[in-house]
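K.L.:
show me how the following folds:
(chains A and B)
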Amino acid sequence: MNVLINNSELFITGFKNTGILFVFSAFFALILGTIVAGMRVSPAPAMRGAGTFYVNAVRNTPLTLILAFFALGYPQLGLPQISFMNAAIVGLSLYTATYVSEAIRSGINTVSVGQSEAARAIGLPFMQTLTLIVLPQAFRSVVPPLFSVFIALLKNTTVAAGFSVLEAGAIRAYLSERGEPLLPGLLWVALIFVVLVLAILTPLQRYLEKKWRVAR
Amino acid sequence: MTGCGGDTGGGGTEGAGGGGDAAGLSFDVAKDVALTGSPTFDAIKSSGKITIGVKEDQPGLGYFNAATGVRSGFDIEIATWMAASLGVAADKIDFKPIPSANRESALANGDVDLYVGTYSITDKRKKLVDFAGPYFVTGQGLLVAKDNTDITSEKDLAGKKVCSATGSTPIQNIRDNFPEATPVEFDIYSKCVDALKSGTVDAVTTDQAILLGFASQEPDKLKVVGEPFTTENYGIGLPLGDTALQTFLNTTLTDGNATWTKIFDATLGKSGTKVEQPAVEK
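P.N.:
Residues are numbered from 1 along each chain as shown, chains lettered A, B, ... in the order given. Alright, predicted model coming up:
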């Protein structure tokens, strides 16, 4: 307990930044992932190709490399400078979006083909078929895998500590330099992560599952 | 107390040591060492080997040349000297690279017998490990690009991006005492130096001894500016409670005056700096 109290400002700053990274990355990843999933089922081959290339290229690259690019490589490209925090949000969003996309695509596959045929029969174009008919049904069935993706994202935020973002992953290095015992410090970090998942993400998942339950 | 850094002034161009070449020193290996009451020494004696934790990315202090497989630097030579005084020859030393954040646990878990790698003695750390020494005194300094004229001392840091290792004492000092500077932190110093060379950050800060080592590698691109603005005492880390070993190593440091100077001249002293060996803590 002493470790937590003596370094409360460190834990608060760390987890506040973890929260910021998580909320913004989850938001952007959900939007981008949905768009990419839509691209991957679109009738246009160019769209499908672009979506498939993005997912395969980014999903198969280690997150550390993606963040390293945004923290160390991007500033040298002569583009507008962004803070390390924003760079980490961009990197995490791009990375997580590929997993979101695949989760949603698996949901799209559960929507029976008759649904989109019926949509086309009443004259809806692809975009409306997707956004009005297919995606709302797809989302209901992907709540559990989507939350697994977001829980993974919450933990993946700790990678940003290596790239100049003071978040929960950096707490260990600070504690060690302050001469605090390392093991209790690490246990506190782990415990807070578990609490975050159990107190926020799990209830949200349960709520959404209940709300969107389909009678089968 | 005369610090190394205190004497170097702005002389970053000459730099220290340069990584890669062994200093060519040799130490007399002690025979029949009498040291009782030290569990660490008993373990060393029964195995005939010693494991010493070091840094390997700090030219001039603790550096590992991956191409030649040679370790070099001031800390490495100090470690070899200590091993020799304990009766262990240089070829029986198992050097183990341990990053800063894992030093206390490596000593507590017995992964290493000693740690010699820019390890500052602090009161908090003394609760977790014991220190012999200090064997070197330095302080926080600044490394900037060669053509940088904006930053001449720590007073010029307002509005600048200043880089150091994640969570390190220097970066905490910047956060606490230089609120107008922007702290940037990567896990290792060499990433900071890369960021400095590419212009992503304006200055790198840590102990001046470490910075002199980097400056010496690339004197055309980097320079050390200003005077050290803190005091750091480097000690030899050893497992907590091993007072017998601590006393023994302190005696070795105190009684081997010429040895220390020889080691310094062959490594960091190549920068032309003259430094006296600091007295050990009683």
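K.L.:
and the one residue in chain A that gets nearest to chain B, how many neighbours?
P.N.:
The minimum distance from chain A to chain B, using CB to the nearest CB, falls at A:G179 (2.7 Å). Yep, even glycine has a C-beta here, placed from its N, CA and C like the rest. Using other CB atoms under 10 Å in any protein chain shown, A:G179 has 15 neighbouring residues.
K.L.:
and it, that's in a helix?
P.N.:
No. Per DSSP: H, G, I helix; E, B strand; the rest coil, A:G179 lies outside any helix segment and is coil.
K.L.:
neighbours around the residue nearest to it when sequence neighbours are not counted, how many?
P.N.:
Closest residue to A:G179 apart from its sequence neighbours, by CB to CB, 6 or more residues apart in numbering or on different chains: B:K124 at 2.7 Å. Residues lying near B:K124 (other CB under 10 Å) number 11.
K.L.:
likewise for A:A199?
P.N.:
A:A199 has 10 nearby residues by other CB under 10 Å.
K.L.:
can I take it that it is in a helix?
P.N.:
Yes. Under three-state DSSP, A:A199 sits within a helix.
K.L.:
how about it, what does it touch?
P.N.:
Neighbour list for A:A199: empty [criterion: CB atoms under 8 Å, 6 or more residues apart in numbering or on different chains].
K.L.:
what does the stretch 51-200 of chain B put close to chain A?
P.N.:
Taking CB under 8 Å from any CB of the partner chain as the contact definition, the stretch 51-200 of chain B meets chain A at B:100-105, B:122-125, B:127-128, B:163, B:165-169, B:172, B:184-187, B:191, B:194-195, B:198-200.
K.L.:
derive a ChimeraX selection command for the buried subset of those.
P.N.:
Filtering these down to the buried ones (16 or more other CB atoms under 10 Å in any protein chain shown) takes a single ChimeraX command:
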select /B:100,101,102,103,104,105,122,125,128,163,165,166,167,168,169,172,184,185,186,187,191,194,195,200
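K.L.:
wait, isn't the residue nearest to A:G179 in contact with A:E180?
P.N.:
Yes. Applying CB atoms under 8 Å as the test, B:K124 and A:E180 come out as touching, 7.3 Å apart.
K.L.:
what ranges does the stretch 101-250 of chain B have for its strands?
P.N.:
B:114-115, B:129-138, B:140-145, B:161-165, B:182-186, B:203-207, B:222-225, B:232-239 (DSSP state E, counting those that start in this stretch).
K.L.:
the last one vs chain A: in contact?
P.N.:
Okay, so that is strand B:232-239. No. Strand B:232-239 stays clear of chain A (CB under 8 Å from any CB), getting no nearer than 11.9 Å.
K.L.:
output the contacting helices and strands for that strand.
P.N.:
helix B:39-47, helix B:74-85, helix B:103-108, strand B:114-115, strand B:129-138, helix B:243-255 (3 or more CB pairs under 8 Å, 6 or more residues apart in numbering or on different chains; DSSP states H and E).
K.L.:
what's the mean pLDDT across that strand?
P.N.:
Across strand B:232-239, the average pLDDT comes to 93.
K.L.:
tell me how far the residue of chain A closest to chain B lies from B:A101.
P.N.:
Going from A:G179 to B:A101 by CB to CB, to the nearest Å gives 12 Å.
K.L.:
can you check A:F69 too?
P.N.:
For A:F69, the distance to B:A101 - CB to CB - is 24 Å.
K.L.:
show me what contacts B:P39?
P.N.:
Contacts of B:P39 (CB under 8 Å, 6+ apart): B:239, B:242.
K.L.:
low-confidence regions, chain A specifically.
P.N.:
Counting by pLDDT under 70, chain A has low-confidence residues at A:215-216.
K.L.:
quick revisit: just send the helices and strands packed on strand B:232-239 back as CSV, with distance to B:I210 and mean pLDDT too.
P.N.:
CSV is the format used below for the helices and strands packed on strand B:232-239 (distance: least, CB to CB, whole Å; pLDDT from 0 to 100):
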stretch, distance to B:I210, mean pLDDT
helix B:39-47, 27, 91
helix B:74-85, 10, 93
helix B:103-108, 15, 91
strand B:114-115, 16, 95
strand B:129-138, 8, 91
helix B:243-255, 21, 92
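K.L.:
got JSON lines for those, with distance to B:F64 too?
P.N.:
Below are the helices and strands packed on strand B:232-239 laid out as JSON lines (distance: least, CB to CB, whole Å):
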{"stretch": "helix B:39-47", "distance to B:F64": "22"}
{"stretch": "helix B:74-85", "distance to B:F64": "9"}
{"stretch": "helix B:103-108", "distance to B:F64": "17"}
{"stretch": "strand B:114-115", "distance to B:F64": "16"}
{"stretch": "strand B:129-138", "distance to B:F64": "20"}
{"stretch": "helix B:243-255", "distance to B:F64": "23"}
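K.L.:
looking at those, which is buried most?
P.N.:
The highest average neighbour count among these, using mean count of other CB atoms under 10 Å in any protein chain shown, belongs to strand B:114-115 at a mean of 28.
K.L.:
who are the packing partners of it?
P.N.:
Using 3+ CB pairs under 8 Å, 6+ apart as the contact test, the elements touching strand B:114-115 are strand B:50-54, helix B:74-85, helix B:103-108, strand B:232-239.
K.L.:
which one of these lies closest to A:M85?
P.N.:
Of all the helices and strands packed on strand B:114-115, it is helix B:103-108 that lies closest to A:M85, at 28.9 Å by CB to CB.
K.L.:
how about the helices in chain A?
P.N.:
Along chain A, the segments classed as helices by DSSP state H run A:2-6, A:8-40, A:45-59, A:63-68, A:84-110, A:113-121, A:126-128, A:135-141, A:143-156, A:171-177, A:182-196, A:202-211.
K.L.:
for B:E77, find the nearest of those helices.
P.N.:
Set against B:E77 and scored by CB to CB, these come closest in helix A:171-177, at 25.6 Å.
K.L.:
same for the closest one, what does it pack against?
P.N.:
Counting by 3+ CB pairs under 8 Å, 6+ apart, helix A:171-177 packs on helix A:8-40, helix A:182-196, helix B:169-177.
K.L.:
who's in contact with the residue of chain A closest to chain B?
P.N.:
B:104, B:122-125, B:127-128.
K.L.:
please apply the same query to B:V33.
P.N.:
Contacts of B:V33 (CB under 8 Å, 6+ apart): B:41, B:45, B:85-87.
K.L.:
how about 7 Å then?
P.N.:
Neighbouring residues of B:V33 by CB atoms under 7 Å, 6 or more residues apart in numbering or on different chains: B:86-87.
K.L.:
what helix or strand does it sit in?
P.N.:
Here B:V33 sits in a region with no helix or strand, counting by DSSP states H and E.
K.L.:
test my guess that the residue nearest to A:G179 contacts A:R178.
P.N.:
Yes. Counting by CB atoms under 7 Å, B:K124 touches A:R178, with 6.2 Å between them.
K.L.:
number of residues surrounding the closest residue to A:I66 other than its chain neighbours?
P.N.:
Leaving aside its sequence neighbours, A:I66 sits nearest to A:G91 (CB to CB, 6+ apart; 4.8 Å). As a burial measure, A:G91 scores 27 neighbours (other CB under 10 Å).
K.L.:
correct me, but A:G91 touches A:G73?
P.N.:
No. Counting by CB under 7 Å, no contact exists between A:G91 and A:G73, whose distance comes to 10.8 Å.
K.L.:
pLDDT weak spots in the stretch 1-150 of chain B?
P.N.:
Scanning the stretch 1-150 of chain B for pLDDT under 70 picks out B:1-24.
K.L.:
mind running it again at 80?
P.N.:
Scanning the stretch 1-150 of chain B for pLDDT under 80 picks out B:1-25, B:101.
K.L.:
now do the buried residues in stretch A:5-19.
P.N.:
Buried, per 16+ other CB under 10 Å, within stretch A:5-19: A:7, A:10-11, A:13-15, A:17-19.
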